[in-house]
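1. Below are the sequence and a predicted model for it; my questions follow.
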Amino acid sequence: MRSVAINVGANTNEPGFRGPIRGDGRFEYVPIPESEPTRDGADVPTYGDLDFEWVDASGVADRPVHLDPTFAGVHGRDRYTYGDPYGVKARPLLELAAGDYVFFYATLSTVGDEPAEWLAPEWGAYVIGQFRLARDPLTPAAFRELPADERAVFAANAHRKRATFDAEVLLEGDGESALYERAVPLSTPEAGVDANRLVTELSSDSGKGPWWRRPMRFDADGTATLLEMCDRENRRAAFG
């Protein structure tokens with residue numbers, strides 16, 4: 001059992017702000033804006049369609065979003081899918097197999113009058129969800145060879161809605177995939193730029209430089225530890 005952690009979601013480059021995280025660890029999964037032309041008639045939501053309370057004040061209500069990854073039951077989607085056009089992310093993901101895990105992490109801005117001591121003071125990197133892979137990751141060629149009913153699994157993925165299909169890898173998560181209720185920190189409580197032991201001791205990343213932008217590989221022990229921590233935090237969230 002192996003895993004790769006991938007950075008996703010809104011950031012200070014796209015669209016210019018991060019999603020929020022509150023003192024109890026709850027957060028909002030805010031996608032990046034769609035930056036490419038989409039097919040005529042494609043159902044591409046805007047930030048306003050996603051019903052964020054703050055969206056009108058941010059001035060992005062009418063901007064289309066690149067809703068990727070998709071989580072069943074979140075933002076109107078019913079499948080767990082992810083696609084990526086960049087080799088730096090596609091290559092480690094293509095090393096995985098069915099039953100392995102993909103963790104999604106995002107940089108989030110700390111909000112609220114009483115931030116918890118475990119949160120980074122301004123922003124930090126946090127694991128926000130996971131896929132357990134339902135099938136081996138798909139290259140573009142492997143995707144095209146699928147029967148039509150299996151290709152339909154990815155119909156709502158943002159890369160299928162682009163005018164030019166550009167994903168170098170496509171992932172499908174199984175029923176044990178989830179967007180978490182409570183985020184799990186990868187940054188230390190002192191500063192968002194400082195990586196904690198999940199990064200420096202358990203992943204392939206050194207935690208130096210802009211580690212919060214890079215894919216991170218975890219071996220079997222690291223994956224099991226990360227799964228245990230995420231499960232513990234979200235059980236606590238579910239039961240108050």
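-> Here it is on my side, so go on.
2. Phe131 - that's part of a strand, no?
-> Yes: remark: Phe131 belongs to a strand, assigned using DSSP: H, G, I helix; E, B strand; the rest coil.
3. check contacts around it.
-> Pro69, Tyr80, Tyr82, Tyr101, Val102, Phe104, Leu171, Glu172, Gly173, Asp174, Ser177 (C-beta atoms under 8 Å, 6 or more residues apart in numbering). (Glycine included, C-beta is placed from N, CA and C.)
4. Need the residues you listed in JSON lines (columns: secondary structure, neighbour count and distance to Ala156).
-> Putting those into JSON lines (DSSP: H, G, I helix; E, B strand; the rest coil; neighbours: other C-beta atoms under 10 Å; distance: C-beta to C-beta, whole Å) gives the following:
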{"residue": "Pro69", "secondary structure": "coil", "neighbour count": "29", "distance to Ala156": "11"}
{"residue": "Tyr80", "secondary structure": "coil", "neighbour count": "28", "distance to Ala156": "11"}
{"residue": "Tyr82", "secondary structure": "strand", "neighbour count": "27", "distance to Ala156": "12"}
{"residue": "Tyr101", "secondary structure": "strand", "neighbour count": "23", "distance to Ala156": "22"}
{"residue": "Val102", "secondary structure": "strand", "neighbour count": "25", "distance to Ala156": "18"}
{"residue": "Phe104", "secondary structure": "strand", "neighbour count": "22", "distance to Ala156": "17"}
{"residue": "Leu171", "secondary structure": "strand", "neighbour count": "27", "distance to Ala156": "14"}
{"residue": "Glu172", "secondary structure": "strand", "neighbour count": "21", "distance to Ala156": "12"}
{"residue": "Gly173", "secondary structure": "strand", "neighbour count": "24", "distance to Ala156": "13"}
{"residue": "Asp174", "secondary structure": "coil", "neighbour count": "13", "distance to Ala156": "17"}
{"residue": "Ser177", "secondary structure": "coil", "neighbour count": "24", "distance to Ala156": "15"}
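5. what residues are up against Pro64?
-> Pro33, Glu34, Thr38, Val44, Pro45, Thr46.
6. Walking through this structure, point out its strands one by one.
-> Here the chain has its strands, by DSSP state E, at 3-7, 19-21, 32-33, 65-66, 81-84, 101-110, 123-132, 169-172, 178-185, 216-218.
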